[in-house]
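J.: Here's my sequence, what's the structure:
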Amino acid sequence: MRPIRISDGNVEVLDQRLLPIREKWVKISSYEDAYSAIKTMVVRGAPLIGVVAAFGLALTAPSKDLDAAATKLKSARPTAINLAWAVDRVLNAAKNSADSYKAAYNEAMNIFNEELSNARKIGENGERFFEDGDTVLTHCNAGALATVDYGTALAPIRIAKERGKKLRVYATETRPVMQGARLTTYELLKDGFDVTLIADTAVGYTMLMGRIDKVIVGADRVLRDGTTMNKIGTFQVATMAKRFNIPFYVALPSSTLDLVSELKDVKIEERDSSELTQIRGRRTAPKGVGIYNPAFDITPPDLITAIITERGVYYPPFDFTKVGP
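T.: So this is what the prediction gives:
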């Protein structure tokens, strides 16, 4: 399940808005294409949007207005730190080379290959936490469709399967865009996993009934003290896991670490009200109702059992200033 195709300077991405009903590939030829794909959630997931933005900017070089293109790209989704990280890397590469296109494209390929390697390493580092027969809950989609392969939260589950462990996965539907129902179940079923879908509001009861052994999620930004920004609903899942003494793991590449920002400086993206008032264009809420639609929430580090990266596993109290960017 690789959601991006790269061949001889041509880049295409899988339109995740149409899954699991239909598979459609969208061409990325410029920063405008990348911005639109990220903003409208053709692609989503912190590592993947960083890679797509990197190629979008690279394919725009040698434009003289790369700074404006970079600024536009970074505004597409403000919470995921990978986006700005990847754009800045490509921008710097282009500015520091006589052949800005070649340098930018090579840097975008470097980012792609790093994320590909990181996903596998995250899986290898996190596989140890899952025992044969475990039932694992995950929220949102932090699988191959959110990265370039393997995933973050789903990478340890995939490696565990490769090593002969039989795991069962419970996926939350993840309202309002339904990434769990549409994407996580889709890719895991294609890979032969035993997957059960539950409503977001069923997490507590499912844990109360003893059906969950472990929880693992991805992240869009993690601060130096382990404070984690991830898909809305993650905080509630973590709180429930703590209540029932269920280990709660966060998996991410080091490109998701933000060692600079304070919590007060992080912008939590709020998305269009139609995501709550409509389902596939059909209104489900009365006109005139107030809407609050944050895309992400904040999970404090005291709810997290361990954070898994490609560099290793980290435990509370977290201090990522010792890890480096």
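
J.: quick one: secondary structure of the most far-flung residue of the chain relative to its centre?
T.: Note on the chain: the largest C-alpha distance from the chain mean falls to residue 98, namely 34.1 Å (C-alpha atoms, centre = their mean). State at residue 98, reduced to three classes by DSSP: H, G, I helix; E, B strand; the rest coil: coil.

J.: Report the separation between it and residue 61.
T.: Going from residue 98 to residue 61 by C-beta to C-beta, to the nearest Å gives 12 Å. C-beta coordinates here come from the backbone N, C-alpha and C atoms, glycine included.

J.: my guess is residue 191 contacts residue 157, does it?
T.: No: applying C-beta atoms under 8 Å, one finds residue 191 not in contact with residue 157, separated by 9.5 Å.

J.: Tell me who's in contact with the most centrally placed residue in the chain.
T.: The C-alpha lying nearest the average C-alpha coordinate of the chain belongs to residue 45 (C-alpha atoms, centre = their mean; 3.0 Å). With contact set as C-beta atoms under 8 Å, 6 or more residues apart in numbering, residue 45 has these partners: 141-142, 145-147, 218.

J.: from these, which is closest to residue 165?
T.: For the contacts of residue 45, the residue nearest residue 165 by C-beta to C-beta is residue 142; the value is 19.0 Å.

J.: Run a quick neighbour tally on the closest one.
T.: A total of 32 residues lie near residue 142 under the criterion other C-beta atoms under 10 Å.

J.: With the one 10 residues further on instead?
T.: Residue 152 has 32 neighbouring residues, counting by other C-beta under 10 Å.

J.: what secondary structure does it sit in?
T.: Residue 152 is classified as coil under three-state DSSP.

J.: From residue 222, how far out is it?
T.: 11 Å.

J.: how close does the residue farthest from the centre of the chain get to residue 91?
T.: 16 Å.

J.: and the helix or strand of the chain with the lowest mean pLDDT, which strands flank it?
T.: Using mean pLDDT, DSSP states H and E, the weakest-scoring helix or strand in the chain turns out to be strand 278-279, at a mean of 91. For strand 278-279, the paired strands and their directions (DSSP bridges) are strand 282-283 (antiparallel).
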